[in-house]
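Trainee: What follows is a predicted protein model with its sequence.
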Amino acid sequence: MADPILATLQGAVSTLRASSAVAALVAGRIYDRPPQEPLPASPYISLGPHDATTDVVADCIDGLDLTFQVDAWAFDAADAKSRVVVTELAGAVRKALHKHEIMVAGTPVWILHRQTRVMRDPDGGYHAALSFGALVDLL
C-alpha cells in the first residue's frame with residue numbers, strides 16, 4: 001500500500017489536473033518542485049509543505065490529520081495583473097479541492113480548504129498559499 005500521505009497528495013494533484021477551471025489558467029503547469037532554469041511560464045502551481053499528526057478516531061481507528069499547502073504563482077510586468085491572476089487561480093484551486101472526496105487505499109478522504117493567503121513576493125510577483133486539511137484513516 002502506498003503511503004497514505006503521498007496518496008492523498010497525489011489525489012489532490014490529480015484533482016487539480018482534472019479541473020477545467022485550473023487547466024484554463026495553468027495549462028498543465030502543476031509541479032511538486034518547479035524547474036529553476038528557466039522558471040515556468042506564469043501562472044503555475046506547486047506543492048508546498050505538508051505535515052501530519054496521528055489522531056485516534058472513534059477510540060479504535062488510528063488516523064492522520066493531514067495539512068498540506070498548494071502554492072499559486074503569478075508574475076507579470078504589470079504588477080496589478082499578477083495580483084488578479086493569482087487570486088483567480090487561488091479561487092479555482094479552492095473550488096476544485098474544497099469538500100472534494102478522493103479514495104486512499106479504498107477509503108474516502110475529504111479535503112477541506114482552511115485558509116488562503118495572497119502576498120507580494122520580493123521579485124515583484126504574487127504568491128497565494130492555500131492550506132487544506134484531510135483526515136486519513138490508517139487501516
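Mentor: All right, it came through fine.
Trainee: Just the CA coordinates for the lengthiest helix in the chain, please, in PDB.
Mentor: Identified as the longest helix of the chain according to DSSP state H is helix 79-97. Output in PDB follows, covering the C-alpha atoms of helix 79-97 (Å, rounded to 0.1, in the frame of the first residue of the first chain):
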ATOM      1  CA  ASP A  79       2.100  44.200 -11.200                       C
ATOM      2  CA  ALA A  80      -1.600  44.700 -10.700                       C
ATOM      3  CA  LYS A  81      -2.400  42.000 -13.300                       C
ATOM      4  CA  SER A  82      -0.300  39.400 -11.300                       C
ATOM      5  CA  ARG A  83      -2.500  40.000  -8.200                       C
ATOM      6  CA  VAL A  84      -5.700  39.400 -10.200                       C
ATOM      7  CA  VAL A  85      -4.300  36.300 -11.900                       C
ATOM      8  CA  VAL A  86      -3.000  34.700  -8.700                       C
ATOM      9  CA  THR A  87      -6.300  35.500  -6.900                       C
ATOM     10  CA  GLU A  88      -8.300  33.900  -9.700                       C
ATOM     11  CA  LEU A  89      -6.000  30.900  -9.700                       C
ATOM     12  CA  ALA A  90      -6.300  30.500  -5.900                       C
ATOM     13  CA  GLY A  91     -10.100  30.600  -6.300                       C
ATOM     14  CA  ALA A  92     -10.000  27.900  -8.900                       C
ATOM     15  CA  VAL A  93      -7.800  25.700  -6.800                       C
ATOM     16  CA  ARG A  94     -10.000  26.200  -3.700                       C
ATOM     17  CA  LYS A  95     -13.200  25.300  -5.700                       C
ATOM     18  CA  ALA A  96     -11.500  22.200  -7.200                       C
ATOM     19  CA  LEU A  97     -10.300  20.800  -3.800                       C
END
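Trainee: Would you mark the buried spots in the helix or strand just after it?
Mentor: Using DSSP states H and E, the helix or strand that directly follows helix 79-97 along the chain is strand 100-104. Residues of strand 100-104 classed as buried: 100, 102, 104 (neighbour count, 16 or more other Cβ atoms under 10 Å). All C-beta atoms are positioned from the backbone trio N, CA, C, and that covers glycine.
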